[in-house]
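Asks: Pasting the sequence and the predicted model now:
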Amino acid sequence: MATLLSSGVQVEAALAAVAGQAGPRLATMCREVRQDVLDGGSLSSALTGQGGRFDRFYLTSVRAAEQAGRLGVVLEHLAEHVETTQRHRQTVVLALIYPAILIVVSVAVVLALLIFVLPDIVRVFAARGAELPP
């Protein structure tokens, strides 16, 4: 959408183009936003009416871009911001997978020792008459 707006396409036409190429959820949202814009609202107010799908930073930036008349440029910066945020989130998730696997395996090993090995050791000591602590 940022590319379309930067090249001079109207907001409602850009929203229609994005809705035509997007998946079902995004297409529905684009159609709703487009309808709000066609009804006379601003893009920022239409995005605000989407029930919290956009964070405050995004909405404030769009509102400021509308007032400054630089919507295409600001949307390009917001797209870069969203992509960078998503890339960082993915990096963190991937970095946490290995420790999570180690924790799960460690807990499974300790449980297996407590369930299967410890009772056998207790029986051996009990058979020899040794008193074990509780």
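Replies: Everything's here; your move.

Asks: And for P133, the neighbour number?
Replies: As a burial measure, P133 scores 3 neighbours (other CB atoms under 10 Å). Backbone N, C-alpha and C define where each C-beta goes, glycine included.

Asks: Next: L47.
Replies: Neighbours of L47 (other CB under 10 Å): 19.

Asks: Check the one 5 residues further on too.
Replies: The number of residues packed around G52, counting by other CB under 10 Å, is 7.

Asks: Over to it. Which of the three states is it?
Replies: With DSSP: H, G, I helix; E, B strand; the rest coil as the basis, G52 sits in coil.

Asks: gap between it and S42?
Replies: Separation of G52 from S42 (CB to CB, to the nearest Å): 18 Å.

Asks: With I115 instead?
Replies: When I115 is compared with S42 (using CB to CB), they lie 63 Å apart.

Asks: swap in A16?
Replies: In terms of CB to CB, A16 sits 17 Å off from S42.

Asks: Regarding the residue sitting nearest the centre point of the chain, what is its secondary structure?
Replies: By CA atoms, centre = their mean, the chain has its centre lying nearest to Q86, at 7.0 Å. Secondary structure, three-state DSSP: Q86 is helix.

Asks: who are the neighbours in contact with it?
Replies: Not one residue lies near Q86 by CB atoms under 8 Å, 6 or more residues apart in numbering.

Asks: neighbours around G40, how many?
Replies: 7.

Asks: next one: phi and psi at it?
Replies: The phi and psi values for G40, taken as degrees, to the nearest 10, are phi 110, psi 0.

Asks: returning to that earlier point: give me the pLDDT value at the residue nearest to the centre of the chain.
Replies: Turning to Q86, the model gives it a pLDDT of 95.

Asks: Quick check: L4 touching A14?
Replies: Yes. L4 is within contact range of A14, at 3.9 Å (criterion: CB atoms under 8 Å).

Asks: who has more neighbours, those two?
Replies: A14 (25 against 18).

Asks: Three-state assignment for that one, please.
Replies: Assignment for A14 (three-state DSSP): helix.

Asks: I'd like the distance from it to E131, if you could.
Replies: Noted for A14: a distance of 81 Å to E131, by CB to CB.
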